[in-house]
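**Student:** 3D model of this:
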Amino acid sequence: MTSISQRLATLRTNNQCALIPFITAGDPDLETTAAALRTLDANGADLIELGVPYSDPLADGPVIQAAATRALNAGTRLAHVLDMVRDVAPDLRSPIILFTYYNPILSLGIEAFLKQIADSGIKGLVVPDLPLEESSTLIALADQIGIEVILLVTPTSSQARIEAIARQSRGFIYLVSVTGVTGVRSQVQTRVKDVIQNIRRVTTKPIAVGFGISQPEQARQLADWGTDAVIVGSAFVQRLADGTPQQGLQAVKTFCRDLSASITPTLRVTR
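**Tutor:** So this is what the prediction gives:
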């Protein structure tokens, strides 16, 4: 499995926009999560974001909150998630990015946490409640261990803050497309295009846009605006939760193919 930076560099060389699906680990169970990771990897995903279920998810909307609650009620814990990833990661082409809040990291200890996720095959880390001003220790240790820590920019970030975040973020810049939590939206706000351009002024690092993207047409619009990657979460989580696990996996497979085709239509049809 390549690193996040390597994967995105290859895609950029080929003028391809990356697709990054998000799913919640343990919903409905870890066996289904493992199957979903393999399904996404085989049907158009370029990287995969995997959420660790957490009891107080500040950045998550109702769909992902509900998925995290179901996973926690089923007994899913960080150690179980990492054991599952360790089994699946060698079979995947897509680097896995772990999405977790900071409290589990502090509880385990920063260095111990990073070593454990690296050992499982995780390549990147998103911590939505970790501010830039408190991120230096985590980033420094992660650099040593081989984990790329990805920082978030919002539509309300000043140009000075965008520049500071861009300097510190590894792998790519995560642009949150809305002011608020995750969830399905009917359209992408036009100001996202301006923020993409503002980020481009201060860095050559890849940009990935997430939060609120739920339709192939929205993904296509973002690709046309020049983003390097599109992150889709709630729409995948909801499909995986509807019906039986097999029905959910089939829905995820179809949706992943549709999204992939929408952002790189001429290069994905032969996959």
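
**Student:** could you pull out the strands for the stretch 51-200 of the chain?
**Tutor:** With DSSP state E, counting those that start in this stretch, the ranges of strands along the stretch 51-200 of the chain come out as 96-99, 124-126, 148-150, 152-153, 173-176.

**Student:** Quick one: closest of the ones you listed to A229.
**Tutor:** Among the strands of the stretch 51-200 of the chain, the nearest to A229 by CB to CB is strand 173-176 (9.2 Å). Heads up, the C-betas are built off the backbone N, CA and C, glycines and all.

**Student:** List the buried residues for that closest one?
**Tutor:** I173, Y174, L175, V176 (16 or more other CB atoms under 10 Å).

**Student:** so what does that strand touch, helix or strand wise?
**Tutor:** strand 152-153, helix 191-200, strand 207-210 (3 or more CB pairs under 8 Å, 6 or more residues apart in numbering; DSSP states H and E).

**Student:** Give me the below-cutoff pLDDT ranges for the stretch 101-250 of the chain.
**Tutor:** 178-189 (pLDDT under 70).

**Student:** could you redo the last one with a cut-off of 50?
**Tutor:** 180-186 (pLDDT under 50).

**Student:** picking that back up, do you know which of the helices and strands packed on strand 173-176 lies nearest R70?
**Tutor:** Of all the helices and strands packed on strand 173-176, strand 207-210 comes closest under CB to CB, at 21.8 Å.

**Student:** Would you mind checking which of the buried residues of strand 173-176 is nearest to G109?
**Tutor:** When the buried residues of strand 173-176 are compared against G109 (criterion: CB to CB), the nearest one is Y174, at 24.7 Å.

**Student:** give the contact list for the closest one.
**Tutor:** Shown in contact with Y174 (CB atoms under 8 Å, 6 or more residues apart in numbering): V126, I150, L151, L152, V153, A208, G210, I231.

**Student:** what about the nearest residue to it once chain neighbours are set aside, neighbour count?
**Tutor:** Leaving aside its sequence neighbours, Y174 sits nearest to L152 (CB to CB, 6 or more residues apart in numbering; 4.6 Å). Around L152 there are 20 other residues, counting by other CB atoms under 10 Å.

**Student:** contacting residues for L152?
**Tutor:** Shown in contact with L152 (CB under 8 Å, 6+ apart): V126, P128, I165, Y174, L175, V176.

**Student:** That one and A25: what is the separation?
**Tutor:** Going from L152 to A25 by CB to CB, to the nearest Å gives 20 Å.
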